[in-house]
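**Student:** Provided below for reference: sequence and predicted model.
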Amino acid sequence: MSTSTQKTVAIFGATGGTGLASLKLALKAGHKVNVLARTPSKLSDLSSQYPNLNVIKGDIRDIASMKSTLTLNNRVVDIVISAIGMVIERVGLGLSSRDPTICEEGTKAILSALSQLEAEKTVLVPAGGPEFVLLSTTGISDKGRDIPLAMMPMYHWMLSVPHKDKKKMEETMIHGEGRTRKWVMIRPS
């Protein structure tokens, strides 16, 4: 891939599901990718295969780790992908999490770190700022039902905690801190 089409990408939530799939696609496309991971060993196989992957050990709530993930070669990345998701566990008849606001708070943390980097003026920022890709979920649309009828009990009862968090995450981008940025939201099923 020529360097003129090569992008720099930061991915949060790259060790599971859709985030991992996004990471693999970005690497195969030849993009330079920074990933923030609490457990970098989950990505050791990919790290050994792709020299264009840089895994940063850290947490979504650590501003230094966030800023490090968002910059590459003294420049803010071109694309930010947030695939943050919660670890859910069975609680009674439903599902919950020890961190029931991770998606909302993680999105706010990414936006805050970006704003700080832009204000500090210590790194170059792409014109108009980086593009932001937010991975959400189906079943939470305000525009009508977007899941099969048979899945509604599971989505609205068993998954109420993670879906409440995803909804607040979306609101952060639509009406909150993210509203002035270039972004797209994807609801993979």
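**Tutor:** Good, I have the coordinates.

**Student:** Give me the packing partners of the lengthiest helix in the chain, helices and strands only.
**Tutor:** Longest among the helix segments of the chain by residue count, using DSSP state H, is helix 102-120. When contacts are defined as 3 or more C-beta pairs under 8 Å, 6 or more residues apart in numbering; DSSP states H and E, helix 102-120 packs onto helix 63-70, strand 79-82, helix 160-174. Glycine gets a C-beta too; all of them are placed from N, C-alpha and C.

**Student:** of all those, which lies closest to residue 104?
**Tutor:** Closest to residue 104 of these, according to C-beta to C-beta: helix 160-174, at 4.0 Å.

**Student:** re the thing from before, buried sites along the longest helix of the chain?
**Tutor:** The neighbour-count check on helix 102-120 (16 or more other C-beta atoms under 10 Å) flags 102-111, 113-114, 117 as buried.

**Student:** Report the angle between it and helix 63-70.
**Tutor:** 80 degrees (axes from the mean of the first three to the mean of the last three C-alpha atoms, to 10 degrees).

**Student:** pLDDT score assigned to the spatially most central residue of the chain?
**Tutor:** Ranked by distance to the mean C-alpha position of the chain (C-alpha atoms, centre = their mean), the top residue is residue 82 at 1.1 Å. pLDDT recorded at residue 82 is 96.

**Student:** same deal with residue 141?
**Tutor:** Looking at residue 141, its pLDDT reads 77.
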